[in-house]
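> A structural model of the following input is requested.
(2 chains)
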Amino acid sequence: MNDSVKDGTNNPGWLRRLSGGLRRTSASISSAITDLVAKRKLDAATIEELEDALIRADLGLATAAKVAAAIGAGRHDRDVSGEEVRAVLAAEVEKILLPVAAPLVVDGAKKPFVILVVGVNGSGKTTTIGKLAAKFAAEGRKVVLAAGDTFRAAAVEQLKIWGARAGAPVIARAPGADAAGLAFDALEQARAQAADILLVDTAGRLQNKAALMEELAKMVRVLRKVDAGAPHAVLLVLDATVGQNALGQVEEFSRIAGVTGLVMTKLDGTARGGILVAIAEKYRLPVHFIGVGEGIDDLATFAARDFARAIAGIKD
Amino acid sequence: MFDTLSEKLSTILDRLTGRGVLSPADIDAAAREVRRALIEADVALDVVRGFVDKLRERAEGVEVIKSVTPGQMVVKIVHDQLVETLGTSADPIDLNAPAPVPIMLVGLQGSGKTTTTAKIARRLAETARRKVLMASLDTRRPAAMEQLAVLGRQLGIDTLPIVAGQSPVQIATRAVQAARFGGFDVVLLDTAGRVTLDEAMMAEAAEVKRAADAHEVLLVADALSGQDAVNLARSFDQRVGLTGIVLTRVDGDGRGGAALSMRAVTGKPIKLVGTGEGLDALEEFHPARIADRILGMGDIVTLVERAAATIDAEKAARVAERMRKGAFDLNDLREQLGQMQQMGGIGGLMGMLPGIAKMKNQAMAANLDERLLKRQVAIINSMTAKERRSPDVLKASRKKRIAAGSGTKVEEINRLLKMHRTMSDMMKAMGGGKRGPLAAFGNMMGLGGGAPSPEQMAKLAERMPGGIPGGLPPAMPGLPAKFPGGGLPGLGGPKLPGLGGFPGLGKKK
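Numbering: from 1, shown residues only, chains lettered A, B, ... in the order given. The predicted structure follows:
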């Protein structure tokens, strides 16, 4: 039985929140675009400025240049309105994002379906797990959380609070305990409790710390001992405020833990999250969710069109 | 992932053979690369523009010194300008106010405020001998207050008792009062994480600042931040008023362009940098180091410091002397290998060396790690004293014995011997010649005495890209044959003699 996570469209608030969160993002870009093309021809200088606006959104040099070039293609020296440029910009960005916009598919035949959540420190793993737990629980699934962040002070308490909110039991050990051992126990317990989904939290780690990355590799190995197919999904949580380093994060976490999908958090701030476009182009990893607030239901399914239109500053 | 700026500048500009004044074409080419590199390092675009304009002005009409290439000249100008922008001196936390001195930390969610609060508390308590009270004003994130309390217990530093239901302003007021009554010198206020344009929370931070009369307001910011870092710093500075910046996750492999952006936009000094997860991983900010990192020159200063701290100075001086005489035998090599292991192995060293970040990745891919060092030491350990002194006696049967004894293969022994031969040849060349790249290299690395200047470092970085300076063989002895590229600079070759010379540098510190 395959079924995808409900995308929340039945929740009237989510779109408003998403566009609310992205509005600031888009506001600055759209004003930049309006400023630069309101009353002029789309010439080389204008396209360069457009490229700059994309760089400011963290798309990175290569992707910004590519998108800017696509916008310029066939429109050189034509008079164009801001509206038109925005539409083309959105279309170009959407073209890159469309292939990666994929919901997280939970295979009901896997019991429990093990989701490992990884990322650098402070990217929002624990909060994302709390939101995911609430989402799954609301769909009537039995969710168990594993407090795999045995390093950060009070990480376990933080997860327990989220667990209580979502009505999901939390399996934890004393701080400083071996995370891989905890993952092993948690999977066995979740199985014994006939849970549908096991969400495994991990300690934040910078991707250039070989020892910590090795620890993560060990967690994956140990999970496989219990269930050869586990983890069934490995979600990398990316902070929208992070710049070009996010590319390195995707690269390394994929190498070590086999990332299967991405979650981008903190899009309710001023950060543009444009690095997601660069990541989509380079790694083609599915983007499942975006975090747009601190509330338990502030997690939206990633929609390429909305994200692209928001980046281009088109209001719905 | 990134080609380093210094490499790029040199490859572009070294093609130009022109001497004399830097030509407009040189400057244009350089400016393009600098712009690109700064953007890739996440420096905010507006800051990049200003920087590049200033660079142009500065480079215009600069005379290229005879012994350097235009590329090297530009690298130096860029380096100087980076350091200038970042601030030339370290700016410590100011405690010059009536006790208890309130210090407030603000920043985005997940930037590391709580951990940084604990690190600063520890630093003030241990190095400045102050009595510190910590208080968490984060009433929003679940368990944030518990996190600080746990850290306080770990460090033996007092935290304000948690009273449920209080507002951040109330907690701040209570914290200052408690600090006053308790005879504390410093009270650290850890505020809730926020998103920059959330007016309500910015207003709250401003209110906390007023209520506590905060003497220092430190923005805790992630060194990995992207273009948004400037907006963050600017809005906090405008709405709350900052006195300084603490940069976290400097131990990541980000290029740290955010530091440049925030400093340029706010003009506020970067006071401290977080360099790891341990609670003692907080250091003073050295502008030159971040400048080198943005440039891609590697953190040579840190490398030198670590080398100086790790290496037995006398032993190293003795080795250096033996090198100079060309009497470098396998005993010496073993010592060098041992010291390398102590300094964090090949990976750790290469991460700090200029211009070889890419090679580091290749080394990782080639599965080159501590084990190689260990095996090489094991090989030498399996030799007799005579063999170590004069490796020339090693013929097939001895090699077989050594292979069996050390659990290695004859090929590995051959590679080790070749490495040793190459090294001792190079050292002889260094010790003997007065001129040429090798002599310069030797001087630089301390064989000739004296610490390398940034210019010399730049020059060193210039020579690195091709691999090993001077006449070393293209394939690196001692490394797996599949290892790509022109060999590892500073690994088996120049690196080791370099270590011998470092103590001389250490003295300067």
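> going forward, measure contacts and count neighbours with C-alpha atoms only.
Fine.
> Excluding chain neighbours, what is closest to whichever residue of the stretch 51-200 of chain B sits closest to chain A?
Nearest residue of the stretch 51-200 of chain B to chain A, counting by C-alpha to the nearest C-alpha: B:G110, 3.8 Å away. Distance criterion C-alpha to C-alpha, 6 or more residues apart in numbering or on different chains; nearest residue to B:G110, sequence neighbours excluded, is A:G122 at 3.8 Å.
> wouldn't that neighbour be in contact with B:K113 here?
No. Using C-alpha atoms under 8 Å as the test, A:G122 is too far from B:K113 to be in contact (10.0 Å).
> A:T150 touches A:A180, doesn't it?
No. With contact defined as C-alpha under 8 Å, A:T150 does not reach A:A180; the gap is 10.0 Å.
> And the residue nearest the centre of chain A, what's its pLDDT?
Nearest to the geometric centre of chain A sits A:V263, at 1.6 Å (C-alpha atoms, centre = their mean). Listed pLDDT for A:V263 reads 97.
> Could I get the buried residue list for the helix or strand where it lies?
Using DSSP states H and E, the element containing A:V263 is strand A:261-265. For strand A:261-265, a neighbour-count test (16 or more other C-alpha atoms under 10 Å in any protein chain shown) marks A:G261, A:L262, A:V263, A:M264, A:T265 as buried.
> close enough to count as contact, A:V237 and A:N121?
No. At 9.9 Å, A:V237 and A:N121 do not qualify as touching, with contact defined as C-alpha under 8 Å.
> These two: which has the busier surroundings?
A:V237 (28 against 21; other C-alpha atoms under 10 Å in any protein chain shown).
> Spell out which parts of chain A neighbour chain B.
Taking C-alpha under 8 Å from any C-alpha of the partner chain as the contact definition, chain A meets chain B at A:52, A:55-58, A:60-61, A:121-124, A:152-155, A:157-158, A:161-162, A:206-209, A:241-245, A:248, A:268-272.
> Mind checking which of these land in helices?
Within those, residues falling in helices by DSSP state H are A:D52, A:I55, A:R56, A:L61, A:A155, A:E157, A:Q158, A:I161, A:W162, A:N245, A:G248.
> which of those residues count as buried?
For those, a burial check counting by 16+ other C-alpha under 10 Å picks out A:D52, A:I55, A:R56, A:L61, A:A155, A:E157, A:Q158, A:I161, A:W162, A:N245, A:G248.
> Just give me the closest of the residues you listed to B:V169.
Distance to B:V169, by C-alpha to C-alpha, is smallest for A:Q158 among these, at 23.0 Å.
> isn't the closest one right next to A:D201, touching?
No. The pair A:Q158 / A:D201 is not scored as a contact, 11.1 Å apart, by C-alpha under 8 Å.
> got any residues that touch both of those two?
Jointly contacting A:Q158 and A:D201 under the rule C-alpha atoms under 8 Å, 6 or more residues apart in numbering or on different chains are A:T126.
> what's the neighbour count on the closest residue to chain B within chain A?
Minimum separation of chain A from chain B (C-alpha to the nearest C-alpha) falls at A:G243, amounting to 3.4 Å. Residues within reach of A:G243, counting by other C-alpha under 10 Å, total 35.
> Now do the same for it: its pLDDT.
You'll see A:G243 listed with a pLDDT of 90.
> Tell me which residues touch the nearest residue to it once chain neighbours are set aside, please.
Spatial nearest neighbour of A:G243, excluding adjacent residues (C-alpha to C-alpha, 6+ apart): B:G226 at 3.4 Å. Shown in contact with B:G226 (C-alpha under 8 Å, 6+ apart): A:D58, A:T241, A:V242, A:G243, A:Q244, B:D42, B:V43, B:A44, B:A258.
> and the second one, what is it in contact with?
Right, the one you point to is A:T241. Taking C-alpha under 8 Å, 6+ apart, we find A:T241 in contact with A:K266, A:A271, A:R272, A:G273, B:S225, B:G226, B:Q227, B:D228, B:A229.
> that older thread, closest one of the ones in helices among the residues of chain A next to chain B to B:K400?
Here the nearest of those to B:K400, counting by C-alpha to C-alpha, is A:G248; it sits at 44.0 Å.
> Report the separation between the closest one and A:A203.
18 Å (C-alpha to C-alpha, to the nearest Å).
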